[in-house]
Every structure is written in C-alpha cells, then in structure tokens.
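> no FASTA, just this:
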C-alpha cells in the first residue's frame, strides 16, 4: 500500500513538472524565422510574431510566448531597405502585414516581393515605388490592402492594380494617378474601396 501511495505522490509532484518541461520545449523550440527576425530586430525593424500558445497568452494577457512565425513587419521613417534586408523579410513564410512607409527602397529590393505570397496588407506609401515596380506585386494573390499613396504610381499602373484579385482597399492619395485613372480603376474594380 505504501508503494502505491509513494507512486501517487511522485506522480502528483512530477506530473506538473513534466507538463511544464514539455510546454517550455514547445514554446522555445527553434523556428525557421528565428535568424531573420534576429537580424531584422538588430536593424531596428519592428517584428511581431505569432504565439505558439495563444490561449495561454490570452489568459496571462502577455506576449511573452511570441516565438512562432513572424507575421507583421514595420519599417518606418526614413529607413533604407537594401536587398539583404528585403531578402530576410521575404524569407518569412507567414508574413501577412508589411509596412515600408516613408522608407527608401534600394534598387533590386523589390524583386523579393513576389516571394511574399502570404501578404494581405502592404504599405508602400511615401516611398520611391513607381509604375515599373507594380509588376513585383502583380502576383500577390492574397493582397487585400495596398497603400501606394504619395508615390510615383500613375495611370499606367491601373491595369495591373485592377488585376489584384483579392484587393479590397487601395490608398492613392498623393499618388500620380489622375482623376480619370481613379474613375477607370473604379470601373474595372467596383468592389475595391479607393481611399483618396
């Protein structure tokens, strides 16, 4: 009888300890995004990661366990995005939100955009994005929101912008798209809200 009691006591003590060890092993296991996230954060890029334990995060009201896939990138305010940094960003396979507002995009960086197939929201406002760069976003089939405000995007980009199948909102204020170009876009895509 004492042996059974000892086993039960041992299980009562070890059970929660083993559960905690298993939990920490799941939370802290390496993720394919780790190296890119570390490099981006070192470059002062804001990165948000998904939680591997979302329920616990809600219960604790904490983001301590954000060790999963990176899903939001925010590069703002006069950063220069070079090809190496954009390559790291493009390597994030579950990236959904990407903001380059008021950044300079160096030559060759935009060729990485087609790799970002999970993107839903892309902010390129107040960058050096142009008509010739629109081809790099033409196959982003999940893109829902696009900001090309205060860029040199013009009427020439309307056909490619209209072909973004999942697009729901586009920000055009301050772009080079004319009133006629906006009317043409509305005619081609009446389902897209054009923010002027």
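Nice, I can see it. The shown structure was predicted, so the numbers you read here are calculated from the model rather than taken from an experiment. Numbers count the residues shown, from 1 in each chain.
> in this structure, what spans have low per-residue confidence?
1, 4, 7-12, 14-28, 52-66 (pLDDT under 70).
> tell me how it divides into domains.
1-30, 31-195 (automatic domain parsing).
> just name the most buried of the ones you listed.
domain 31-195 (a mean of 17; mean count of other CB atoms under 10 Å). Where you see a C-beta, it was placed from the backbone N, CA and C, and this is true even at glycine.
> let's see the distance spanning that domain from one end to the other.
37 Å (CA to CA, to the nearest Å).
> same deal with stretch 121-129?
End residues of stretch 121-129 are separated by 16 Å (CA to CA).
> next one: stretch 169-187
Stretch 169-187: ends 15 Å apart by CA to CA.
> what do you get for stretch 106-116?
From its first residue to its last, stretch 106-116 covers 18 Å (CA to CA).
> next: stretch 106-119.
20 Å.
> contacting residues around it?
Contact with stretch 106-119 is made by 80-83, 85-87, 89-98, 129, 133, 136-137, 139-143, as judged by CB atoms under 8 Å, 6 or more residues apart in numbering.
> among those, which are in helices?
Under the assignment DSSP state H, the contacts of stretch 106-119 contribute 83, 85-87, 89-90 to helices.
> tell me the one of the residues you listed nearest residue 36?
residue 89 (7.4 Å; CB to CB).
> surely the closest one touches residue 71?
No. Contact criterion CB atoms under 8 Å: residue 89 and residue 71 do not qualify, at 11.9 Å.
> which residues are common contacts for these two?
residue 95.
> give the contact list for residue 105.
So residue 105 contacts 81, 86, 124, 127-129, 133 (CB under 8 Å, 6+ apart).
> measure the residue nearest to it when sequence neighbours are not counted to residue 190 for me?
Computed as CB to CB, 6 or more residues apart in numbering, the closest residue to residue 105 that is not its neighbour in sequence is residue 81, at 5.1 Å. Applying CB to CB, to the nearest Å, the value for residue 81 to residue 190 is 34 Å.
> likewise for residue 95?
As judged by CB to CB, residue 95 and residue 190 stand 29 Å apart.
> ranges for the helices of this structure?
Under DSSP H, the chain gives helices at 2-27, 34-42, 54-60, 83-90, 158-162, 179-188.
> just grab the bridge partners of the residue nearest the centre of the chain for me.
The residue lying closest to the centre of the chain (CA atoms, centre = their mean) is residue 97, at 3.0 Å. With DSSP bridges as the criterion, residue 97 is bridged to residue 72, residue 121.
> list the residues that contact it.
Taking CB under 8 Å, 6+ apart, we find residue 97 in contact with 71-74, 119-121.
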